[in-house]
Each structure stands twice: as C-alpha cells, then as structure tokens.
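**Student:** Coordinates for the following, if possible.
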Amino acid sequence: MNDLADALLMPTRRHFLGRGAGISLGAMALHELASRSARADTAVPAAPAKAKRVIFLTQSGGPSQIELYDHKPDLEKLAGTELPPSVRMGQRLTGMTANQKQVVMPSRARFSRHGRSGATVGEWLPHIGRVADDICFIKSMTTEHINHAPAMTFLQTGHQLPGRPSIGAWVSYGLGSPNRNLPDFVVLVSRMQRPSDQPLYDYYWGSGFLPGRYQGARFSNAAEPVLYLRDPAGLPPELARATLGGLGELNALHQARTGDPETLARVRQHELAYRMQASVPELTDFSTEPAETFELYGPDSRRPGSYAANCVLARRLAERGVRFIQLFHPDWDHHSRLPSWCVARCRDTDQPTAALLTDLKRRGLLDDTLVVWGGEFGRGVAGQGDWKSIEAGRDHHPRCFTMWLAGAGVRAGHTHGATDDFSYNVATDPVTVHDLQATILHLLGVDHLKLTYRFQGRDFRLTDVHGEVVRGVLG
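**Tutor:** Numbering: from 1, shown residues only. Next comes the predicted model:
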C-alpha cells in the first residue's frame, strides 16, 4: 500500500519540483547556493558591527604570561621562596607539579614599556612591543580547565567536552561570508620544524551539531592546500561540470524525500569545491607578493606552512572576504627549558604577528578586522623542577593569563584587568572565556544570547548560559 501511495504521490511532487515549476532539482540546489543566506533569523544584531571578519591567532599549549606580558618585578625579591597558601587558595595542580614544593620562579625575561600606552611586553617579543599601541591587552583572563584538551575545547566551543560547534562555525552559521568562492571559515595549522607532542584535534574547528557546511576548512601544508580539488587527469571541464550537476540532481532529490540537511550541505560543498578550483590556486600563489612583504613578515614567510607564511595567507583571505580565519601554532607547552623553548616559539610568531597588524593597518583592513591572540591558559609562577636551573619550566595555570585583541571596535593601546603580585589570581576585572566569546560576537554585530541552534529539544548557544560583553575593551 505504501508503495502504491508513493507511486501516486511522487509524480505530482516531481512534476511540481521539476517540469511543473519550470526548474530542475539541481537548479534548486544551485539557487540555494546562490542565495548564500546570511542567517538573519539567528544573527540578531547586538549593535552595528565593528568587525567584518576575525583572524584568531591561536597559540596552543599555554603561553607564559609571566615572560611575555604580565610584568611582576617584585618576584625577584621572592625568588626561591614557597608560594603562600593564601595566594594558592587550594588551586588544583596537574600531576606534574602536585608533589613538589611550589617555589617562586621570577620571570626569565626582562620587560620594557612600549609606545604612548606604556604597555609592558617581554624582551622575547620585540616586534609586538613596537605595535603595542594598536593592541588591547586582557591580563585578567581566567578559565575553568587545567589540562590542554578540555581547556582548548572550552576556548573554541564554550564547553569542555567535544561535540559542540566551534566559534568559527557559529560565526559561519550566523553570518555566512560575502565570498562565494572560498569557505566562510578557514583553518591554517603551522608546519613545525620539530615534531610537537601536543595534538590539535579536528573538533577544535568542527561544526558539532550544526550542519557540516559550517565547519572550518583546514588548508593543508602540502603542495595542494585543499586535497582532491583538481579534476582527475583527462577529465574535460564540461564533463566535470555535467557530472557535478547530475550529482546535484540526485542529492537534491534525496534531500527532498528525506529532509536530511547533510545532503544539502553536501551539494553546497560540491559546488564550493568547483568554484575553489579557480580561487584557491590564485589565493595561495605568493608570486604576486612584492619582496617587501617577505621582508615585513620575516624570512620564514617564504617557507610554506610556517606560521609566518600563514599570516601572509590570513591577510590574503581577509582581503577576499573570508569571515573567520584561524591560525593554530602549537608547542607553547613549556614544562622544561623555558628560556629555550619559549624563546623559540616567540621567534616563530613575534615578527609575523606584528607584521600582520601592520599590513592590515596600512591596507585599511584593520579598521574592520578583529585580531585575537592567545592560548587556552597561562603558566604558573612556581618553577617546575629546580627553579634555578636552565632546565626549569612552568606548569599549566588556568587562574589568570593574558590574551589580546586588536583592530575593529577595540580600545587600542589599552590594558584591561590585572593580576595579583604573583600573577596567580585575577585582581581586577576578570574576563572568562564565555565573556571573550560574547565580546567577539558583539564586535561582529551579533547578540550572543540570540545566536542559537535547536538540538535535541534545547536551544544551544556558544556561550551556553553564561557570558557578558566586556565593555572595557571596546573603543
């Protein structure tokens, strides 16, 4: 009986969707692609958008605020003394330092003040020091998690367990992108010159329960940044186009019968991949960049896949209207040999990061681009191991750490919040991860309370049931 009903009903539906409506199912899919809905039903404006796009410079592993930004000169007087219980207040430690004395290790880097703002920046970041007047430092960041994967997952998705959409996916879902030839959300992971033992999981830029089209498109560091983008050898372009159209017809028919949103997402991705066959080679061809670009970003910018080269690529993506661009640079997890390994990571990132701000500013892009710099947590004041040794490092520290913002809508040359004398606890103006997420969305013109998606009977959002816009960092 069901087969008979389908036989009676399907021709009518096919007639309406196909010949009766004067369009094919494949054309419906293409029309859906062409519309590029900005999801105005979910992205309820919080205020006029200051930022059109975000570049998130993610420093994975927990950069040490004590060496880089949070100057605590009085620690020199306390070197070698045990951290007072009144400061620690029962803070949970990792298994790497829980069984050793918490002995104060002062900063291994010297500090100086920079620019009209007088911002304090460690000597290992001289280039960032020179652009300090363009930066808003948040020295009172705090998080709930002490281990890498939960803390990074929390920073990216607003929840410590995998499965939620990443911030880039939420932005893609809420706003889309004006560029139809590139993904809304692009991820670039540094090719390290030595292997890093800290993994970067795909769910850091995943779409979670949002449709798959909103996940980050990771560009590889291979000769072809997007794998399988080229047509097979010997396949004529007109046949490739016809094959894609046929697949669109079949997928759209399947979607019409099942209502499966992933099927429509697949159609969109096929069409986007077709358009990317022309856009990606042009995007990644640095031969059009003048020599001055590589001088600005540093010699490593000529090495494909390096953090410096990815900063150049981030600027090119920003010029082409990509909405959310995220760079991941790992290996900031310095439990030992802090003066060596932290300096090495600073050397990787200092000049290209400052160059990116300079480059965006001179092209007029910094006015509507929000740049975010930071990792999942900071480092503790106690030395891990013998604090006097060159082999000493620092353990994870979630209580307080530094991140910074620059660009669209941000109060430049400003320091927000402060920590105590040990850089151990937030002293004034705490900023939670959910607060940071709410602020990023606010600068994009989105109310974080209203950017929601219904899943399993509940309306979810990036900030869960938390988060306040940090008004003190707004320009």
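
**Student:** Which of the helices and strands in this protein ranks last by mean pLDDT?
**Tutor:** helix 2-15 (a mean of 41; mean pLDDT, DSSP states H and E).

**Student:** Report the secondary structure state of Q100.
**Tutor:** coil (DSSP: H, G, I helix; E, B strand; the rest coil).

**Student:** Tell me which helix or strand comes right after the lengthiest helix in the chain.
**Tutor:** Under DSSP state H, the helix in the chain containing the largest number of residues is helix 338-362. Sequence-wise, the next helix or strand downstream of helix 338-362 (DSSP states H and E) is strand 369-374.

**Student:** That following strand pairs with which strands?
**Tutor:** Applying DSSP bridges, strand 369-374 is found paired with strand 53-59 (parallel), strand 401-407 (antiparallel).

**Student:** if we compare those, which one ends up closest to L317?
**Tutor:** strand 53-59 (8.3 Å; Cβ to Cβ). C-betas here are computed from N, CA, C, even on glycine.

**Student:** So for the closest one, mean pLDDT?
**Tutor:** Average pLDDT, strand 53-59: 98.

**Student:** Dump that strand to CSV, keeping only the CA atoms.
**Tutor:** Output in CSV follows, covering the C-alpha atoms of strand 53-59 (Å, rounded to 0.1, in the frame of the first residue of the first chain):
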residue,chain,number,x,y,z
ARG,A,53,35.9,39.3,9.9
VAL,A,54,38.1,37.7,12.6
ILE,A,55,41.6,36.4,12.5
PHE,A,56,42.2,34.2,15.6
LEU,A,57,45.9,33.6,16.2
THR,A,58,45.6,30.6,18.5
GLN,A,59,48.8,29.8,20.4
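
**Student:** ok now that strand, how far from the chain's centre?
**Tutor:** The chain centre lies 5 Å from the centre of strand 53-59; the measure is Cα atoms, centre = their mean, to the nearest Å.

**Student:** tell me what the helix or strand following it is packed against?
**Tutor:** Downstream of strand 53-59, the next assigned helix or strand under DSSP H and E is helix 65-68. With contacts taken as 3 or more Cβ pairs under 8 Å, 6 or more residues apart in numbering; DSSP states H and E, helix 65-68 sits against strand 119-122, helix 338-362, strand 378-384, strand 401-407.

**Student:** among the strands paired with strand 369-374, which is nearest P85?
**Tutor:** Checked against Cβ to Cβ, the stretch from the strands paired with strand 369-374 lying closest is strand 401-407, at 21.7 Å.

**Student:** what's that closest one in contact with?
**Tutor:** Residues outside strand 401-407 that contact it (Cβ atoms under 8 Å, 6 or more residues apart in numbering): 51, 62-63, 65, 68-70, 131, 134-139, 141-143, 357, 360, 366-375, 377-379, 412, 436, 439, 473.

**Student:** rewinding a little: can you list the buried residues in the longest helix of the chain?
**Tutor:** Residues of helix 338-362 classed as buried: 338-339, 341-346, 348-361 (neighbour count, 16 or more other Cβ atoms under 10 Å).

**Student:** With stretch 393-413 instead?
**Tutor:** Buried residues in stretch 393-413 (16+ other Cβ under 10 Å): 393-410, 412-413.

**Student:** What's the per-residue pLDDT of the closest residue in space to T97 that isn't next to it in sequence here?
**Tutor:** In space, and not counting its chain neighbours, T97 is closest to D395: 4.4 Å by Cβ to Cβ, 6 or more residues apart in numbering. D395 is assigned 98 on the pLDDT scale.

**Student:** can you check A240 too?
**Tutor:** According to the model, A240 carries a pLDDT of 64.

**Student:** Distance of L338 relative to V54?
**Tutor:** 30 Å (Cβ to Cβ, to the nearest Å).

**Student:** I meant to write E238 there.
**Tutor:** 39 Å.

**Student:** between these two, who's got more neighbours?
**Tutor:** V54 (26 against 8; other Cβ atoms under 10 Å).

**Student:** That one contacts R323, correct?
**Tutor:** Yes: contact criterion Cβ atoms under 8 Å: V54 and R323 qualify, at 7.4 Å.

**Student:** Now list whatever residues contact both of the two.
**Tutor:** Shared contacts of V54 and R323 (Cβ under 8 Å, 6+ apart): V171.

**Student:** Can you show me the helices along this structure?
**Tutor:** Under DSSP H, the chain gives helices at 2-15, 25-35, 65-68, 75-78, 85-88, 126-130, 148-157, 167-175, 237-258, 261-283, 291-297, 307-319, 338-362, 433-443.

**Student:** among those helices, which is nearest L200?
**Tutor:** helix 148-157 (8.2 Å).

**Student:** can you pull the buried residues of the closest one?
**Tutor:** Neighbour-count burial for helix 148-157 [16+ other Cβ under 10 Å]: 148-157.

**Student:** same deal with stretch 187-197?
**Tutor:** Buried, per 16+ other Cβ under 10 Å, within stretch 187-197: 187-190, 192.

**Student:** What is the lowest-pLDDT residue among these?
**Tutor:** Among these, M192 has the weakest pLDDT, 90.

**Student:** isn't that residue right up against D331?
**Tutor:** Yes: counting by Cβ under 8 Å, M192 does reach D331; the two are 6.1 Å apart.
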